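>>> just the structure for this:
(one chain, ligands or ions: 2)
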Amino acid sequence: MSNPETLYDKIWRRHEVAKSDDGSALIYIDRHLVHEVTSPQAFEKLELDGRKVRRPDAALAVPDHNVPTTDRSQKIADPLSKKQIDLLRDNVKRWNIELYDMLDSRQGIVHVIGPEQGFTQPGLTLVCGDSHTSTHGAFGALAFGIGTSEVEHVLVTQTLTLKKSRNMRVTVNGILPKGVTAKDMALAIIGKIGTAGATGHVIEFTGDAVRSLSMEGRMTLCNMSIEAGGRAGLIAPDETTFAYLKGRPFTPKAGQWEQALSVWKTLYSDDDAVFDKDVTLDASEIEPQVTWGTSPEQVAPIGAVIPDPTIFEDAGKQEAASRALAYMGLQPGMPLESIAVDHVFIGSCTNSRIEDLREAASVLRGKKIASGIKQALVVPGSGLVKHQAEAEGLDKVFLDAGFEWREPGCSMCLGMNPDKVPPGARCASTSNRNFVGRQGPGSRTHLLSPAMAAAAAITGHLTDIRTIARLEEGAA
Ligand SMILES: CC(C)[C@H](C(=O)O)[C@@H](O)C(=O)O
Ligand code: SF4
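Residues are numbered from 1 along each chain as shown. Ligands and ions are numbered 1, 2, ... in the order given. Alright, predicted model coming up:
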C-alpha cells in the first residue's frame, strides 16, 4: 500500500517536475492570476531579459487595487494608479493575456473573479502576486501568493522552485450558532492560534462546521488563512464545490466534466494521513467576533471588554497590545459594544460576494444607518456580483438605508484608490487586515462579518448582531 497522504501532499506530488536533495522541488503552476500592482516590474524584467510569456492561456488579468469605485468613465486622478493600470493593459496586449478591464462586467477583485469564472478548480496549482491568493484553496486548489520576481518566473517558465510546507489541520466540529458566520470562524481561529500560528504550514480546514459552509463561506475562511501565517488554506472539494463550479466559463464542459469529477473526487486527505499540527474548535462556542487592535489576532467576542495588555503572558504581545490600544484610541475595560464607529465598509476579497451582500442587506432591510455614521460603503467584489445583487434588489436596500453603492474593486480595504478612512476615524470593516494605516493614514479598523458591519451601521457602534435579531423576533 502507498503511504497515506494529505490533500496538500497529493496536489504537491502531482505537480512535482523535479526534486532537489535539499528538499526543494520544481513545481508546475497551472494557473496565474495577474493584477496591476505586482505585475509591472515582472513584465519589465522579462522584457529586459529577452524572455517570453510561456503560456498566456494559463493567465488571467484584472485591475482591482487601484480602480476607482465611482464613475469609471472618468480619468484616474492618481498618477501612480493610472500608470499601473495602463501598464497592465499594455503588457497583457503585448503578451496576449486575457484581461477583464475596468468597464467589463467580469472585472472585480482578483480573488472574487477567479472562482466566479471557474478559473479556480480543484487540484490545480494557482498563484497570484497577492497574499490573499489563499482564498482559492476553498476549491481544493493549492493556491498561494508570490512576490514580483516569482511572478516573472511563472510567466516565463510556468514553474516555481519551492520548499514544501508542513501540514496543519484545523477542525471545526459542530454547528455554527445563528448570527455566527465563516468570518467569525476565521477570526476565532486566528484569535486562538495567533497570526504566526500556521507559519510554515499549509492549513487544511475540516470538520462538520467547515463542510456545511457554502463556497462563499469557505472562501472567506481560506482567504484569512494567510492572516494566521499559513502558506495556503485548503478545503477538500465536495458536492458543494462541484455544484458551484458546474457551468462556469472556464470549467470543463459536457463530456469532460465527468472526467474532471473523477479526478476531483480523489482530492482528500487519506484517513490515516499525518498532520504536523492539529487544532480543533467547537463551532457552538464561536461567537460573533470583532478585532480591537492592529493585528487580526487582537480579536474578541463582541460581548467582551477591551483586554488589559497585562493579561497576555508574552512580553511581546503585551507591548503590541499597549501600542495597538494607543493607536486605536481605546482603553482596557471598555465594552466592545460601546465603541462608536464613523465609517462602515462592506467589501474586500474576504466578504464582497453575493452571499455577503445578502447577509448584510437582510439586516439593513427597512432600516437607516445611524446619524453618527459619516460614510457607509458597499463595494461588490465583481461586476457580476453587482448585477446579481441589483437583480435581487439589494442595491435598493443598501441605498435606502443610507449606504453608497459602488463599482467593484479593493477599495477601502487598503485605500490604494480614493476610498480612504480619514486619520483618527474608526471603521467597521468586513476586510481582512486591521494594520496601522491600512485603510488610510491614521485610520482605525475593526474587522467583523457583513452582518455585524450592518448592525454597527444601524446603531452607530459595534453591536452584537444577535441582539438585533432577537429584537426583531420579539417584535414579530
Ligand atoms: C497589493 C498587494 C500586493 C497586497 C497583498 O499581497 O496582499 C494587497 O492585496 C493586500 O491585501 O495587502
Ligand atoms: S480586497 Fe484587500 S485583501 Fe483583497 S486583494 Fe484587494 S487589497 Fe488585498
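
>>> residues touching residue 196, list them.
Residue 196 is in contact with residue 229, counting by C-beta atoms under 8 Å, 6 or more residues apart in numbering. Yep, even glycine has a C-beta here, placed from its N, CA and C like the rest.

>>> this structure against ligand 1: which residues are in contact?
Listed as neighbours of ligand 1 in the chain under the rule C-beta under 6 Å from any ligand atom: 37-38, 65, 130-132, 145, 414.

>>> farthest-separated two in those residues?
Distance extremes for the residues of the chain next to ligand 1: the farthest pair is 145 and 414 at 14.3 Å, using C-beta to C-beta.

>>> now do the residue in the chain positioned nearest to ligand 1, the pLDDT please.
At 3.5 Å from ligand 1, residue 131 is the closest residue in the chain, using C-beta to the nearest ligand atom. For residue 131, the pLDDT comes out at 98.

>>> backbone dihedrals for it, please?
Per-residue torsions, residue 131: phi -60, psi -30 (degrees, to the nearest 10).

>>> do you know how far it is from residue 346?
In this structure, residue 131 and residue 346 are 21 Å apart, going by C-beta to C-beta, to the nearest Å.

>>> looking at these two, which is more packed in?
residue 346 (30 against 16; other C-beta atoms under 10 Å).

>>> make sure that one is actually in contact with residue 358.
No - using C-beta atoms under 8 Å, residue 346 makes no contact with residue 358, being 11.4 Å away.

>>> now the end-to-end length of stretch 440-453.
19 Å (C-alpha to C-alpha, to the nearest Å).

>>> got it, and stretch 371-388?
End-to-end distance of stretch 371-388 (C-alpha to C-alpha): 29 Å.

>>> in the stretch 251-400 of the chain, where is pLDDT below threshold?
By pLDDT under 70, the stretch 251-400 of the chain has no low-scoring segment.

>>> mind listing what's buried along the one helix or strand residue 453 maps to?
Assigned by DSSP states H and E, residue 453 belongs to helix 450-459. Neighbour counts using 16 or more other C-beta atoms under 10 Å place 450-459 of helix 450-459 among the buried residues.

>>> near ligand 2, anything from it?
No - using C-beta under 6 Å from any ligand atom, helix 450-459 stays clear of ligand 2, with a minimum separation of 14.0 Å.

>>> now do that helix: which elements does it pack against?
Counting contacts by 3 or more C-beta pairs under 8 Å, 6 or more residues apart in numbering; DSSP states H and E, helix 450-459 is packed against strand 343-346, helix 354-364, strand 426-429, helix 465-475.

>>> so which elements touch the first one?
Applying 3+ C-beta pairs under 8 Å, 6+ apart, one finds that strand 343-346 contacts helix 354-364, strand 375-378, strand 426-429, helix 450-459.

>>> immediately after the third one, which helix or strand?
Heading C-terminal from strand 426-429, the first helix or strand you meet, by DSSP H and E, is strand 444-447.

>>> ok, now the second one?
Sequence-wise, the next helix or strand downstream of strand 375-378 (DSSP H and E) is helix 383-391.

>>> between that following helix and helix 354-364, how many degrees?
With axes from the mean of the first three to the mean of the last three C-alpha atoms, to 10 degrees applied, the angle from helix 383-391 to helix 354-364 works out at 30 degrees.

>>> any idea how many residues pack against residue 18?
For residue 18, using other C-beta under 10 Å, the count is 10.

>>> how about the contacts made by it?
Residue 18 makes contacts with 25-26, as judged by C-beta under 8 Å, 6+ apart.

>>> quickly find the element holding it.
Assigned by DSSP H and E, residue 18 falls in strand 16-19.

>>> pairing partners for that strand, with directions?
Strand 16-19 pairs in its sheet with strand 24-28 (antiparallel), by DSSP bridges.

>>> which other residues reach the helix or strand just after the strand it pairs with?
For strand 24-28, the following helix or strand on the C-terminal side (DSSP H and E) is strand 31-34. By C-beta under 8 Å, 6+ apart, the residues outside strand 31-34 that reach it are 58-62, 88, 92, 97, 110-111, 114, 119-121, 124-130, 133, 141, 151, 154-155, 158.

>>> wait, residue 165 sits on residue 201?
Yes - Residue 165 lies in contact with residue 201 (C-beta under 8 Å); the separation is 5.5 Å.

>>> got any residues that touch both of these two?
residue 231.

>>> tell me which of those two has more neighbours.
Looking at residue 165 and residue 201 with other C-beta under 10 Å, you find the greater number of neighbours at residue 201, namely 23 against 20.

>>> leaving out chain neighbours, which residue sits closest to the more buried one?
Excluding the flanking residues, the one nearest residue 201 by C-beta to C-beta, 6 or more residues apart in numbering is residue 168, at 3.8 Å.
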